[in-house]
Every structure is written in C-alpha cells, then in structure tokens.
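Enquirer: 3D model of this:
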Amino acid sequence: MGDMIRWVVLRVRLYRPDRNPVRRRTDRLEAVGVMVALALLLLSVWPAVVVGRMAYENGTRSERAGAGARRAVTATLVRDAPTTLADEHVSPGAKVEAVARWTGPAGKPMTGPVTAPAGARAGTRVSVWVDARGEPAPPPRRHGETVFDAVTAALLMLAGGAAVSLSAFRGLRCLLDRRRYAAWDAAWAEAARRWRRA
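Expert: The predicted structure follows:
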C-alpha cells in the first residue's frame with residue numbers, strides 16, 4: 001500500500017502545474033495531456049450510466065412482455081428421450097430434445113419438441129414454456145439477467161472511455177518523447193561542436 005501511495009504522490013508532483021524553470025515545454029504539455037485524459041475518463045462515466053440504464057430498461061421491458069405472453073405448462077413425453085446425440089453418449093441429467101404432448105389454448109392438444117432430461121421415459125412429465133399460440137417458447141427473461149446485462153454494458157462503456165483516453169495520452173506521450181529525444185540529440189551535437197573548438 002505504501003508503494004502505491006508513493007507512486008501516486010510522485011505522479012501528482014510530476015504532473016502538477018508549477019513555475020519550475022527547469023521544466024521543458026514538452027513536460028508541461030504532458031501534464032496537460034494527463035489532465036485531459038483524466039477529464040475524458042471522468043466524462044465517460046455519464047455515458048456509461050446512460051447505456052447501463054437503457055440496457056436495464058430494455059431488459060425489464062422484456063421481462064414484463066415475456067411474463068405476460070408466455071406461461072409454463074406440463075407436457076408428457078410421447079417417446080423416450082434419447083441418451084445419445086450424434087453418436088455421442090449424453091451424461092445423465094443433461095438436457096436433450098424429445099417429443100411431448102401438452103394442452104394448448106382452448107384445450108387444443110399440442111405435440112412438438114421440448115427439452116427433457118436425457119433418458120427420460122415416455123410418460124414423464126416436464127415443464128414447458130409456451131407462447132400465446134401454445135407453441136414452445138424460451139422462458140421469460142429473469143431479473144438477474146437484466147441486471148447482469150446492464151452492469152456489463154455500463155462497464156464496457158466505461159472501459160471504452162478508459163481505452164480512448166489512455167490511447168490518446170499514450171499517443172501524445174510518444175510524440176512528446178520524439179521531441180525530447182530530438183532536443184537531446186541537438187543539445188549533444190551542439191555540445192560536441194563546442195568541445196571540439198575548445
């Protein structure tokens with residue numbers, strides 16, 4: 001922890017504005033670049049919050065729509081569920097596709113593929129989500145998925161802002177380093193000329 005604090009203190013001293021006559025123009029430009037990069041990073045928080053909020057609202061809208069349009073029914077397997085898929089043995093309890101029968105809207109008997117445990121026998125009851133027409137449908141979105149998607153979207157947006165500001169700062173620093181090295185080369189060349197004359 002002490003090393004981290006020392007590193008932060010050194011960076012603050014390095015990049016703070018001051019009237020030090022020894023500091024080069026490139027050093028002052030680098031300090032401005034740090035301030036701009038930090039400002040960009042802080043400004044990226046707002047879009048991250050907005051994107052996270054939008055993802056959350058879309059998810060809750062999808063939750064509400066799915067809960068009203070889908071319902072769980074009990075289906076009965078017509079045939080045994082397979083124990084192999086594409087010539088590979090399936091572990092017990094794994095989910096496979098099997099044919100089942102259930103009661104649709106207005107008491108209409110429905111038959112179709114459903115997800116069932118591997119090796120389940122004909123007559124086994126399984127729960128199936130169906131839409132308003134009685135066709136199998138994916139289960140409604142869970143609230144945990146909505147929260148996860150919203151947090152992920154916000155963090156990705158924040159990471160994008162951090163990547164942009166860090167990349168911009170690294171690019172500026174590369175340009176400034178080129179100038180510094182060119183200035184050093186020119187200073188050494190001038191010193192070499194003076195030393196030869198003396």
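
Enquirer: number of nearby residues for Asp185?
Expert: Neighbourhood size, Asp185 [other Cβ atoms under 10 Å]: 10. For glycine as for every other residue, the C-beta is placed from the backbone atoms N, C-alpha and C.

Enquirer: doesn't it fall inside a helix?
Expert: Yes: residue state for Asp185 (DSSP: H, G, I helix; E, B strand; the rest coil) corresponds to a helix.

Enquirer: Tell me the confidence at it?
Expert: As predicted, Asp185 sits at a pLDDT of 93.

Enquirer: Just list the residues touching it, thanks.
Expert: Contacts for Asp185 (Cβ atoms under 8 Å, 6 or more residues apart in numbering) come out as none.

Enquirer: Low-confidence stretches in this protein?
Expert: For the chain, the stretches with pLDDT under 70 are 67-68, 85-90, 92-93, 198.

Enquirer: repeat that with 50
Expert: Scanning the chain for pLDDT under 50 picks out no residues.

Enquirer: sec struct for the residue nearest to Ala162 when sequence neighbours are not counted, please.
Expert: Leaving out its chain neighbours, the residue that sits closest to Ala162 by Cβ to Cβ, 6 or more residues apart in numbering is Leu41, at 5.7 Å. Under three-state DSSP, Leu41 falls in the helix class.
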